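**Q** build me a model from this:
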Amino acid sequence: MEPKPWERLNLRTYRTTKKLIIDYFVMFYKILASYTHFFCYFFMLLALFTNGGLLYVVYPFIIFGIAMMEERRPGRIFWYFVIVYT
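**A** Have a look, this model is predicted:
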C-alpha cells in the first residue's frame, strides 16, 4: 500500500522548500534592485507623456542622449543632475 502524501512529507524537504521560496524572493529583489535605472527612465518618459510641458522635454534628451549612450549604468553626476533638475 502506498503512503498518503501527508505521510510522505518529510521535515527536511519542508525546510529545503521554505529555503527555496525565500531564495526566490531574494533573487527577485536583487533583479529589481539591479535594474532600477530602467524604472527611472520609464517614469521620466511617463512624466513627459502625462504632463507634456517644456520642463519635461529635457527628459528624453537626458535618457537617450546621455544615459543610453553610456556603456555601463550612469554615474553619480548624472543622477545628481536629474535630481536637481526635477
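
**Q** show me the helices in the protein, by range?
**A** 5-8, 11-34, 36-51, 58-62, 76-85 (DSSP state H).

**Q** show me what the third one is packed up against.
**A** Okay, so that is helix 36-51. Applying 3 or more Cβ pairs under 8 Å, 6 or more residues apart in numbering; DSSP states H and E, one finds that helix 36-51 makes contact with helix 58-62. Glycine gets a C-beta too; all of them are placed from N, C-alpha and C.

**Q** chain center to the helix it packs on, what's the gap?
**A** Its chain's C-alpha centre and that of helix 58-62 lie 21 Å apart, by Cα atoms, centre = their mean, to the nearest Å.

**Q** give me the residues contacting that helix.
**A** M44, L45, A47, L48, F78, F81, V82, Y85 (Cβ atoms under 8 Å, 6 or more residues apart in numbering).

**Q** output those as CSV; include the columns pLDDT.
**A** Converted to CSV, the contacts of helix 58-62 look like this (pLDDT from 0 to 100):
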residue, pLDDT
M44, 87
L45, 87
A47, 86
L48, 86
F78, 84
F81, 86
V82, 85
Y85, 84
